[in-house]
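Enquirer: sequence and predicted structure are below.
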Amino acid sequence: MCGRFTLTATPNDVRALFDYIEQPNFPPRFNIAPTQPVATVRQEHGGRHFALVRWGLIPPWVKDPASFTLLINARSETAEHKPSFRGAMRHHRCLFPVSGFYEWRRTAEGKQPYFIRPADGGLMAFAGLWEIWSDPDGGDIDTGAILTTDANQSVRRIHHRMPAILMPEDFDTWLDTGNIMARDASQLLRPAPEDYLVADPVSTRVNSVANDDGSLLEIVIPDPGETAGQKTKVAKDTAKDQLDLF
């Protein structure tokens with residue numbers, strides 16, 4: 001599962017990796033939460049495009065979103081066949097640009113949040129789905145969900161699921177809904193390599209969506225259950241508080 005993530009890279013760095021046509025400007029985000037606008041990349045009209053969607057997919061056939069479960073994640077093992085995601089797997093695959101994500105580990109003292117990021121400190125891409133939902137008055141809203149898979153060994157000590165992370169060489173295949181069928185694209189959705197991610201315990205301040213600043217990434221003292229070999233190093237970000245939304 002993925003319930004919070006960050007996008008702290010500069011707009012230029014994000015565009016350089018994902019190679020979309022637009023040149024959007026947006027602030028760093030340290031605590032992106034469900035229902036908020038999130039950056040995605042999709043393939044349309046012969047090129048890649050940047051698009052904001054509301055995090056929480058609403059299938060087109062839903063009549064009342066207020067009575068529908070918020071779909072922030074989709075299981076990669078079943079998304080191709082589930083009614084809520086089947087259409088998006090065929091026609092609306094996308095990428096979520098991400099700097100890192102949070103996951104919570106159950107301990108005797110409660111849930112301890114961890115910040116998980118690429119070991120090289122760079123950006124990564126979550127496999128995602130998007131859909132357009134139209135309200136009865138004719139307004140449209142783009143919504144999206146992150147695909148998840150079984151956790152690799154390094155993440156499994158924290159949680160049994162993790163986002164499906166795509167490498168740059170797989171971007172074109174995932175986004176090409178015109179030529180790559182859903183069943184073939186699904187083969188890309190697998191746990192990240194063991195040496196790709198590092199995880200560090202961080203403050204429970206991340207539990208509140210009101211907190212969205214660089215201090216959320218600062219390492220805290222591990223709980224007593226942590227072993228010496230599990231602690232990794234992450235740079236502290238001293239950026240000031242940022243806007244809540246893009």
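Expert: Nice, thanks for sending it over.

Enquirer: show me what stretch 163-182 is in contact with.
Expert: Stretch 163-182 is contacted from outside by 2, 5, 17-18, 41-43, 48, 76, 80, 86, 89-95, 98, 101, 124-127, 146-149, 184-185, 188-190, 192, 196, using C-beta atoms under 8 Å, 6 or more residues apart in numbering. Backbone N, C-alpha and C define where each C-beta goes, glycine included.

Enquirer: tell me which stretches of this structure form strands.
Expert: Using DSSP state E, the strands found in the chain span residues 4-7, 29-32, 37-44, 47-55, 73-75, 93-98, 100-107, 110-118, 124-134, 140-150, 161-163, 165-166, 197-201.

Enquirer: if we can go back for a sec, weed out the non-buried ones from the contacts of stretch 163-182.
Expert: 2, 5, 17-18, 41-43, 48, 76, 80, 86, 89, 92-95, 98, 101, 124-127, 146-149, 185, 188-189, 192, 196 (16 or more other C-beta atoms under 10 Å).

Enquirer: and His45, how many neighbours?
Expert: The number of residues packed near His45 is 6, by other C-beta atoms under 10 Å.

Enquirer: can you tell me how far it sits from Gly178?
Expert: Separation of His45 from Gly178 (C-beta to C-beta, to the nearest Å): 11 Å.

Enquirer: so which elements touch whichever helix in the chain runs longest?
Expert: Determined from DSSP state H, the single longest helix within the chain is helix 11-18. With contacts defined as 3 or more C-beta pairs under 8 Å, 6 or more residues apart in numbering; DSSP states H and E, helix 11-18 has these neighbours: strand 47-55, strand 93-98.

Enquirer: residues of that helix that come out buried?
Expert: 11, 14-15, 17-18.

Enquirer: so who does the residue of the chain positioned farthest from its centre touch?
Expert: Distance from the C-alpha centroid of the chain, by C-alpha atoms, centre = their mean, peaks at Asp137 (30.5 Å). By C-beta under 8 Å, 6+ apart, Asp137 lies in contact with nothing.

Enquirer: cool, Phe96 as well?
Expert: 5, 38-41, 125-128, 144, 146.

Enquirer: now the closest residue to Ser76 other than its chain neighbours: how far from Ala164?
Expert: Closest residue to Ser76 apart from its sequence neighbours, by C-beta to C-beta, 6 or more residues apart in numbering: Leu189 at 3.6 Å. Leu189 is 4 Å from Ala164, where distance means C-beta to C-beta.

Enquirer: joint contacts of these two?
Expert: Contacts common to Leu189 and Ala164, judged by C-beta under 8 Å, 6+ apart, are 76, 127, 147, 149.

Enquirer: for the first one, give me phi and psi.
Expert: Right, the one you point to is Ser76. phi -60, psi -30 (degrees, to the nearest 10).

Enquirer: surely it and Thr149 touch.
Expert: Yes - taking contacts as C-beta atoms under 8 Å, Ser76 lies within contact range of Thr149: 4.8 Å.

Enquirer: now the common contact residues for those two.
Expert: Common neighbours of Ser76 and Thr149, using C-beta under 8 Å, 6+ apart, are 164, 189.

Enquirer: just to revisit the earlier point, can you put the buried residues of helix 11-18 in TSV and add distance to Pro118 and pLDDT?
Expert: Converted to TSV, the buried residues of helix 11-18 look like this (distance: C-beta to C-beta, whole Å; pLDDT from 0 to 100):
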residue	distance to Pro118	pLDDT
Pro11	19	98
Val14	14	98
Arg15	18	98
Leu17	11	98
Phe18	15	98
